[in-house]
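Engineer: I need the structure of the sequence given here:
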Amino acid sequence: MGESINGMKRTAYCAEFNLQNVGQEITVFGWVQRQRDLGNLIFIDLRDRSGIIQLSFNEATDRAIFEKAKSARTEWVVAAKGVVAERESKNKELPTGDIEVIVNDFRIVSKAQTPPFEVEKCDQVGDDVTLKYRYLALRNERLTKNILMRHKIAQLAREYYYENGFIEIETPMMIKSTPEGARDYVVPSRIHEGKFYALPQSPQIYKQLTMIAGFDRYIQLARCFRDEDLRADRQPEFTQIDLEMSFVDCDDIMTMSEGFIQRLMKETIGVDVPERLPRMTFEEAMNRYGSDKPDTRFEMLIEDISDWAAKTDFAVFINALADGGAVKAIVAKNAAAAYTRKKIDKLTEHAKGIGAKGLAYIRWADAAPNCSFNKFLKEGELEALLEQLGAAQGDVVLIVSDKTRKALTVMGALRLMVAKELGIIPEDKWNFLWITEMPFFELDEETGEWVAAHHPFTMPMEESIPYLDTDKSKVKAQAFDLVLNGTELSSGSMRITDTALQTKMFELLGMTQEEIDAKFGFLVDAYYYAAPPHGGMGIGLDRLAMLICKADSLRDVVAFPKVQNASELMSGAPSSIDGEQLQELGITVVDHEN
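Structural biologist: Below is the predicted model of the structure:
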């Protein structure tokens, strides 16, 4: 491999050897995972990024080398030369468990003090410690494999898109602040006092400008920044596989990315996915799954029982329907044993916590079903509902009545919660799904105003344009999302290239001409010089890695992540800067606590 330490050159990584190498003399470098001193025998588990190999020292070993091995401690860096031999007691849990290295030269390269936790057991230690010593935690086999998988995904992305004629173009990291939905991270300018750059929430405007410039296929592994509250699948800085294409439509972009997904899944984890991924409209996803990123690995679909409910005397249902709402239900098959009355009460509290007014239910545990609203039903109505839903003894029916969108989103959340609690979500399924025909506007229920559901450069469907001024609920976008097992991986769309339509979209978002000129004038001006029809998407590299690695959090696939308050525990970022730097930038820090 070429790397050397005091004249010793590494042959290969630890986990690259097997029985075919028996009899060969090799040199390996790495960290001591464990040392076992059995008196006349010493074994060292040597670890590098590839895995572990066993070093063996015995009575025939040179005494000076034996004493060095005897002194070695956990996490010391060492180099070893020796002959590969077949092990007497094999370890089937290790890829190298059939062999060991009979050491004839051993060097202690660097000594470590006792680490704050055992690297191989770092999953049992709190984040406050492992993130402070992140460089130690990253030596853990699971985290090492995650980072290597992330690298593999990035490598495959570049290879695939390069092969398909894409050009990698770097876009600026310090840009003009433009509204894109989240708060910007800002960078003060020393030269232009009182002015600021923004870190990009995405390369959106610049990649569109590359299309206007004539680079008709753009790709970038783009760093993006958003100052927003964090959760398991968010970080303030993240990477997306960002692409843009000219002279295409939505189907062309989706088809191109399907080829990438197909190769990615096959070459990383050996999973075959269909050449053409399934597609579902936004409306169908909401009506059937209560989510625009549905998990289709299991059934338990949402049913509309509004027509049935309208015939009952149950005021809760009747009032919701009179208010223009709906009554929705899901059937949890064979759940009656798990969902006792007490458990359903907890589920009801959860439903209320996410906006429901209440939760009606039918629990069919015994011969006769127990219905929470039975006294409001006429003879035969309960039986008719059970038949309509295909419910049987052993099942639980959960029902929500509210404004249609609210009822759907609550049922969608309950569907996921119940499925997780019942353990019915298959772990070995990889259900990719395109969501199409996205609504262009969303109704803000608090203000009653229609707000944009996408960035302002998204192209409406041609047939929707007449409704921009008359009925925003009917406007659909030439936009699409890629979903995997209930997690959104990507958003994409065709872009507006007509100056008049782009200006109109800005105005519909409440921007004055002065604001348009100040924030987006350079993009609007570019359209005057002939823009090709174009569109693109950005695939979340971090989320993709998280799902492929079956990790619980983005932290597990990011080398140096932030915690929930956006700080980085290892380095102590963010931190204060000294008064001289502040003065150079013309900034005064105000203490809001006093």
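
Engineer: strands of the stretch 151-300 of the chain, residue ranges please.
Structural biologist: Here the stretch 151-300 of the chain has its strands, by DSSP state E, counting those that start in this stretch, at 167-168, 186-188, 196-198, 217-225, 237-246, 279-281.

Engineer: deepest of those, which one?
Structural biologist: Mean neighbour count (mean count of other C-beta atoms under 10 Å) peaks for strand 237-246 among the strands of the stretch 151-300 of the chain, with a mean of 23. (C-beta placed from N, C-alpha, C; glycine too.)

Engineer: between strand 217-225 and that one, find me the angle.
Structural biologist: When axes from the mean of the first three to the mean of the last three C-alpha atoms, to 10 degrees is applied, the directions of strand 237-246 and strand 217-225 differ by 160 degrees.

Engineer: CA-only coordinates of strand 237-246, as CSV, when you get a sec.
Structural biologist: These are the backbone C-alpha positions of strand 237-246, laid out as CSV (Å, rounded to 0.1, in the frame of the first residue of the first chain):
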residue,chain,number,x,y,z
GLU,A,237,-25.5,21.6,8.1
PHE,A,238,-26.1,18.8,5.7
THR,A,239,-25.1,17.4,2.3
GLN,A,240,-27.3,16.8,-0.7
ILE,A,241,-26.7,15.1,-4.0
ASP,A,242,-27.7,18.1,-6.0
LEU,A,243,-28.6,18.0,-9.7
GLU,A,244,-30.1,20.1,-12.4
MET,A,245,-31.0,19.2,-16.0
SER,A,246,-32.0,21.3,-19.1
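
Engineer: figure out which of the strands of the stretch 151-300 of the chain is closest to Met570.
Structural biologist: Comparison of the strands of the stretch 151-300 of the chain against Met570 by C-beta to C-beta identifies strand 237-246 as nearest, at 14.9 Å.

Engineer: could you pull up phi and psi at the closest residue to Ala531 other than its chain neighbours?
Structural biologist: For Ala531, ignoring the flanking residues on the chain, the nearest one in space by C-beta to C-beta, 6 or more residues apart in numbering is Thr497 at 4.1 Å. For Thr497, the backbone dihedrals (degrees, to the nearest 10) come out as phi -120, psi 0.

Engineer: returning to what we had before: redo the strands of the stretch 151-300 of the chain as TSV? Include mean pLDDT and distance to Ser567.
Structural biologist: As requested, the strands of the stretch 151-300 of the chain are arranged in TSV below (pLDDT from 0 to 100; distance: least, C-beta to C-beta, whole Å):
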stretch	mean pLDDT	distance to Ser567
strand 167-168	98	32
strand 186-188	94	18
strand 196-198	94	21
strand 217-225	97	15
strand 237-246	97	13
strand 279-281	97	39
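
Engineer: can you add distance to Cys371 and give the ones you listed back as JSON lines?
Structural biologist: Converted to JSON lines, these look like this (distance: least, C-beta to C-beta, whole Å):
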{"stretch": "strand 167-168", "distance to Cys371": "61"}
{"stretch": "strand 186-188", "distance to Cys371": "57"}
{"stretch": "strand 196-198", "distance to Cys371": "56"}
{"stretch": "strand 217-225", "distance to Cys371": "50"}
{"stretch": "strand 237-246", "distance to Cys371": "47"}
{"stretch": "strand 279-281", "distance to Cys371": "33"}
